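J.: A predicted structure for the sequence below; I have some questions about it.
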Amino acid sequence: MEYEVVLTAQAKTQFREIINYLLYELKSQQAATNAANDFEATIVRLSSMAGSFRLCEDECLRAKGYRVIHFRKHKYLMVYSLQGDTAYVIGIYHDLQDYENALR
């Protein structure tokens, strides 16, 4: 099954913040480019596999139908929900962030 992937305004903002951090704080064009490429690859994986990832372990997030997909090459993840054949990316977080509490 093919899924449409839609980024919420929050997810778009978070992605921009990640790229801006890599570009302007770490001053690494290469890191920003690599993270953006990994982001795009994750979107492609999500578009073909969104229904196969498990629901979040956190009870509150599971009750909302939230799922997680990890980037393959970077320590980031996307939290998303499925509605029919559309995957709505709720947020993008670093693996060390407490995204569960942020989304409750």
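T.: That came through, no problem.
J.: how much space between the spatially closest residue to Asp58 that is not a sequence neighbour and Asn20?
T.: Spatial nearest neighbour of Asp58, chain neighbours left out: Glu100 (4.5 Å); criterion: Cβ to Cβ, 6 or more residues apart in numbering. Every residue, glycine included, has its C-beta placed from N, CA and C. Between Glu100 and Asn20 the computed distance is 25 Å (Cβ to Cβ, to the nearest Å).
J.: which of those two has more neighbours?
T.: Glu100 (16 against 11; other Cβ atoms under 10 Å).
J.: do you know the pLDDT at that one?
T.: Glu100 carries a pLDDT value of 96.
J.: ok, now Ile92?
T.: For Ile92, the model assigns a pLDDT of 98.
J.: could I get the phi/psi values of Tyr93?
T.: Backbone geometry at Tyr93, expressed as degrees, to the nearest 10, gives phi -130, psi 150.
J.: burial check on the residue lying closest to it once chain neighbours are set aside, number of neighbours?
T.: Spatial nearest neighbour of Tyr93, chain neighbours left out: Tyr99 (4.1 Å); criterion: Cβ to Cβ, 6+ apart. Residues within reach of Tyr99, counting by other Cβ under 10 Å, total 22.
J.: thought Tyr99 was touching Gly91?
T.: Yes. Applying Cβ atoms under 8 Å, one finds Tyr99 in contact with Gly91, separated by 6.5 Å.
J.: who touches both of those two?
T.: Taking Cβ atoms under 8 Å, 6 or more residues apart in numbering as the contact rule, Tyr99 and Gly91 both touch Val79.
J.: okay then, goodbye and thanks.
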